[in-house]
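Chemist: Mind folding the following:
(chains A and B)
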Amino acid sequence: MTTSTDETSTDAPEAQSSPQAPRERPVGIGPLGWLRWGWRQLTSMRTALVLLFLVALGTVPGSFVPQRGLAPEKVSQFFTDHKTLAPWMDRLSLFDVFAAPWFAAIYILLFISLAGCVLPRSWQHYRHIRSRPPKAPRNLARLPETATYETEAAPDEVLAQAATVLKDRRFRVDSHDDHVAAEKGYLRETGNLVFHLALLVLLFAVGFGSAFGYKGNVIVTEGEGFSNALTSYDAFKNGRAFSSSSLPPFTVWLDSFKASYLPDGPDRGQPTEFSAKIRYQKDLKSSVRPYNLQVNHPLNVDGARVYLLGHGYAPEFTVRDGKGQVAYQGAVPFLPMSEATYASEGVVKVPDAQPDQLGFIGLFWPTAVPDAQGKVTSAFPAAWNPQVALFAFKGDLGLSNGAPQSVYRLDTAKLKPLLMGNKVKPLAVGQTETLPGGAGSITFTGYRQYITIQVNHDPGRVPALIAGIIAIIAIITSFLVRRRRVWVRARAGEGGRTVVEVGGLTLGGATPEFDAIAERLRETAPPTPDEE
Amino acid sequence: MVDPYLAHLSNQLMLGAVLVYVVTMVAYAAELSFARRRADAEVPADHARVLVGAGGPEVAETEAIDAEAGEAADEPASERRQIDWSRFAILMNVVAWGLHGAEIVTRGMAADRVPWGNMYEFVSAISFAAVTVYLVMLWRYKINWLGPFLMVAVVIALGIAVLWLYNDPGPLRPALHSYWIAIHVTAAVTATGTFTVAGVATVLYLVKSFVAVRPGGILSRVPAMPALDTVAHRAIMFAFPIWTFAIIAGAIWADSAWGTYWGWDPKETWSFITWVGYAGYLHARATAGWRGRKAAFVSLIAFGCLLFNFFGINYLVTGLHSYA
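Modeler: Modelled structure (predicted):
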């Protein structure tokens, strides 16, 4: 018995589909012919692969150039740093790679190409499964796996026996006059096709989800709440097919937020736990329920998911104006400048102050300590020694002209500085800064914490997940199963004996299975006398 | 929270593992050079120098050699000596692997969490996965020609981990407080380790395809190119579904941690690029005209993307995966 192995030869089903291989450009075939030619080009496996590589290549700038969706502040920094280059890069959508027209073009072409490649092959494979196993090649001895033996049994008996043996091994068997053809392992190509179909579904689900989904960010300070409506959000992004009526009408209140940090060691200041005690109400008729919102534990309400994304400090101030009246009282969210120390900055706007409006740019240090130069810095992200420094302005805040203004930025065009530079002294909780010229005073009364909440809805996530799981199962199946064909030919030889030839063809190299089959066939046949 | 005794023990075990890996490397190298000297003296009977399973029964080993090496069985002295080096190398390799495993376990016990939370732990776990895959393939396919080259990679990786990436064990940041760390990171580490084995085999394949093999040279000790290709392909076939799973598990985790299952975070982007690279390799290897050297290059590019994703993205680019 001889068995030869050819590991490298043919493994992949892909190699078989030659009809779609790109050909030379045809001449004089008319518009329909060109269309057909173009379609054939697009749906060839090579094109699909090239497009896949292009998608991969297209994502590369997305990981090096700052992206508006991920880090808008870095994008504006880039614009300041590279005044000539940035607008050109912007024209190529390099700051929104994943929403760029060219990226969408590759993505859609890939989708069509993959569909055009996989769907016809699925149909082919379906017909292949339904059809009979292919007939034996003329010369079985040329196959990679072969065996021959002689037996006393008649050819018909041998073939009937072979059919039984192969059927026992769950081959699909087709009997011919002089041979039996058998095939097995269709799951390989089935798995391969299901994998690619699942990827198509995955691509579709991702696109569908982003078209119908939305994502909104909002800051909620301790003791306050927010209702799920477009107007509540600080930032909101939605897909093309989104309508605001699809926002579920829930309300969330933040009771308290707790952040824990490593107090010492080399990773001092590294957060260990964030936990927000919230209450929520699905709609006005539902009861209010408590929930402990944590980083890996989003809240599911009515199809929307509520996430704890970030947190920060909102120092509380009481501002008295030039007339001695309380013009402002409340907590103002400051944005952290450093994750390690939570030194934060923010702006206090007091439009109600009389006679002049007041504005402050503030710095907040949760754990204020003097640094080497005698300036104040924050040494730790938790509020062990909270202090603020306030730069004061008076004049016109520029709110009356109706133009939208960031709450984190002070428009100083029409403002006159009151307190600047070295005159600004850090305030501890309870301390008051009196403004020069009888403009009023500001008291740092304490602080609250706030959390950044993200609310999102993506109708594509569950279909995408299911498609992903199916893809993995399918590809593992495809990798584990090998398609193999076995032919048994029996013909009358010399002296009334029967010569039996067994040939096997296994995609991806020989398996011990063929030897086992040949051995089994030989055992079941009555042996020839001289062989004994 | 952190057990200092166990943390210390883990560090000692790491040093022990690195030392024994170095011994393993030297033993494998000795095996190579002895084989070379012998081959210089004798007629090169390439496949004759077959290896020995790790600590299996004596009879079975001899049988394996007889079966595979045929005519080479009657070379008493030099063959004996060479087998000793081979057996010593494998024994040392298993010892190092055991110490390495104990290092990871004690590290996890010291910090009371899954021991893959920072770069030091990732490198250690990936090296461990690579050695594990190698030992399994050694047992099943007798690939100890890969041993010396893989050991060089492992010793370099662990050296970098100990010298530059070391971090005391400690608690994890809140984003990592999830059972998905055990699933996602384990899958990513296993796939990366296996891709590394494939990468070493692919490099040998390419070297062999460009450099003329001198009879008796180190390269003559490495099996023929189809066998190298098969080992690399097998490893990638094993790792690719696991990598796919790691990406999807990561997406599920990201969905609960960051509020989006796919946000094109740099790490996500490059894991996708790596996935595309290996998918390209699998297709290329199956396509006439791309099989062989071209497919091997695609595989190496994919491996380069994998390494860049691991080191480059963690140190050059800030993203949500910046845990270094």
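
Chemist: who in the stretch 401-532 of chain A is up against chain B?
Modeler: Residues of the stretch 401-532 of chain A lying close to chain B (Cβ under 8 Å from any Cβ of the partner chain) are A:454, A:456, A:458, A:461, A:464-465, A:468-469, A:471-472, A:475-476, A:479. C-beta here means a position set from N, CA and C on the backbone, and glycine is covered the same way.

Chemist: quick one, helices of the stretch 201-324 of chain B?
Modeler: Here the stretch 201-324 of chain B has its helices, by DSSP state H, counting those that start in this stretch, at B:218-221, B:225-257, B:266-285, B:293-307, B:313-316.

Chemist: same thing with the stretch 1-150 of chain B?
Modeler: According to DSSP H, counting those that start in this stretch, the helices that the stretch 1-150 of chain B contains are B:4-41, B:58-69, B:76-111, B:119-141, B:147-163.

Chemist: looking at those, which has the lowest confidence?
Modeler: Out of those, helix B:58-69 stands lowest, with a mean of 37 (criterion: mean pLDDT).

Chemist: mind listing what the nearest residue in space to B:Pro4 that is not next to it in sequence touches?
Modeler: Excluding the flanking residues, the one nearest B:Pro4 by Cβ to Cβ, 6 or more residues apart in numbering or on different chains is B:Ala110, at 7.7 Å. By Cβ atoms under 8 Å, 6 or more residues apart in numbering or on different chains, the residues touching B:Ala110 are B:2-4, B:6-7, B:9-10, B:169.

Chemist: Sort out which of those are buried, if you could.
Modeler: B:6-7, B:9-10, B:169 (16 or more other Cβ atoms under 10 Å in any protein chain shown).

Chemist: Can you name the two of the residues you listed that sit furthest apart?
Modeler: By the measure Cβ to Cβ, B:Leu9 and B:Pro169 form the most distant pair in the buried ones among the contacts of B:Ala110, at 11.1 Å.

Chemist: what pLDDT does B:Leu320 get?
Modeler: We have a pLDDT of 68 for B:Leu320.

Chemist: my bad, B:Val43
Modeler: B:Val43 carries a pLDDT value of 42.

Chemist: Which residues of the stretch 101-250 of chain B lie near chain A?
Modeler: B:167-168, B:170-175, B:177-178, B:180, B:226-227, B:229-230, B:233, B:237, B:240-241, B:244-245, B:248.

Chemist: So out of everything in chain B, what residue is nearest chain A?
Modeler: Nearest to chain A in chain B, going by Cβ to the nearest Cβ, is B:Ala286, at a distance of 2.3 Å.

Chemist: Next, count neighbours for that residue.
Modeler: 19 (other Cβ atoms under 10 Å in any protein chain shown).

Chemist: Could you do the one 4 residues further on as well?
Modeler: B:Trp290 is surrounded by 19 other residues when neighbours are defined as other Cβ under 10 Å.

Chemist: So it sits against B:Gly280, correct?
Modeler: No - taking contacts as Cβ atoms under 8 Å, B:Trp290 lies outside contact range of B:Gly280: 9.4 Å.

Chemist: Mutual contacts of those two, please.
Modeler: Shared contacts of B:Trp290 and B:Gly280, counting by Cβ under 8 Å, 6+ apart, come down to B:Val298.

Chemist: Need phi/psi at the residue of chain B closest to chain A.
Modeler: Dihedral pair for B:Ala286: phi -90, psi 0, per degrees, to the nearest 10.

Chemist: got a pLDDT number for it?
Modeler: The predicted local confidence for B:Ala286 is 81.

Chemist: Could you check how far it is from A:Arg169?
Modeler: Separation of B:Ala286 from A:Arg169 (Cβ to Cβ, to the nearest Å) stands at 26 Å.

Chemist: likewise B:Val189?
Modeler: With distances taken as Cβ to Cβ, B:Val189 is found 38 Å from A:Arg169.

Chemist: Comparing the two, which shows the higher neighbour count?
Modeler: B:Val189 (23 against 16).

Chemist: what helix or strand does the more buried one sit in?
Modeler: According to DSSP states H and E, B:Val189 maps onto helix B:186-210.

Chemist: For that helix, enumerate the helices and strands it packs against.
Modeler: Using 3 or more Cβ pairs under 8 Å, 6 or more residues apart in numbering or on different chains; DSSP states H and E, the elements in contact with helix B:186-210 are helix B:119-141, helix B:147-163, helix B:225-257, helix B:293-307.

Chemist: can you put the ones you listed in a markdown table and add mean neighbour count?
Modeler: A markdown table is the format used below for the helices and strands packed on helix B:186-210 (neighbours: other Cβ atoms under 10 Å in any protein chain shown):
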| stretch | mean neighbour count |
| --- | --- |
| helix B:119-141 | 21 |
| helix B:147-163 | 20 |
| helix B:225-257 | 22 |
| helix B:293-307 | 20 |
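
Chemist: Quick one, which of the ones you listed gets closest to A:Thr506.
Modeler: Across these, closest to A:Thr506 is helix B:225-257 (Cβ to Cβ), at 14.4 Å.

Chemist: can you give me the offset of that closest one from its chain's centre?
Modeler: Helix B:225-257 sits 14 Å away from the centroid of its parent chain (Cα atoms, centre = their mean, to the nearest Å).

Chemist: just stretch A:212-221 next, same as before
Modeler: For stretch A:212-221, the distance from its own C-alpha centre to the chain's C-alpha centre is 19 Å (Cα atoms, centre = their mean).

Chemist: try stretch A:358-368
Modeler: 38 Å.

Chemist: With stretch B:255-264 instead?
Modeler: The answer for stretch B:255-264 is 30 Å, by Cα atoms, centre = their mean.

Chemist: do the same with stretch B:296-310
Modeler: Distance of stretch B:296-310 from the chain centroid (Cα atoms, centre = their mean) equals 14 Å.

Chemist: Can you say which helix or strand has A:Ile219 in it?
Modeler: Element membership for A:Ile219 (DSSP H and E) is strand A:214-221.

Chemist: In contact with the residue nearest to the spatial centre of chain B, which residues?
Modeler: Chain B has B:Ala130 as the residue nearest its centroid, 2.5 Å off, counting by Cα atoms, centre = their mean. Listed by Cβ under 8 Å, 6+ apart, the contact set of B:Ala130 reads B:150, B:153-154, B:192-194, B:196-197.

Chemist: now swap in A:Glu339 and tell me
Modeler: Counting by Cβ under 8 Å, 6+ apart, A:Glu339 touches A:Pro381.

Chemist: measure it to chain B for me?
Modeler: Per Cβ to the nearest Cβ, to the nearest Å, A:Glu339 is found 10 Å from chain B.

Chemist: Double-check that A:Ile108 belongs to a helix.
Modeler: Yes - assessed by DSSP: H, G, I helix; E, B strand; the rest coil, A:Ile108 belongs to a helix.

Chemist: since we're on it, how many residues are nearby?
Modeler: 13.

Chemist: Can you read off the pLDDT for A:Leu415?
Modeler: A:Leu415 carries a pLDDT score of 85 in this model.

Chemist: How about the one 5 residues further on?
Modeler: According to the prediction, A:Met420 has pLDDT 76.

Chemist: Look at it and say how many residues are nearby.
Modeler: Close neighbours of A:Met420, defined as other Cβ under 10 Å, add up to 11.

Chemist: Before I go, just wanted to say thanks for your time.
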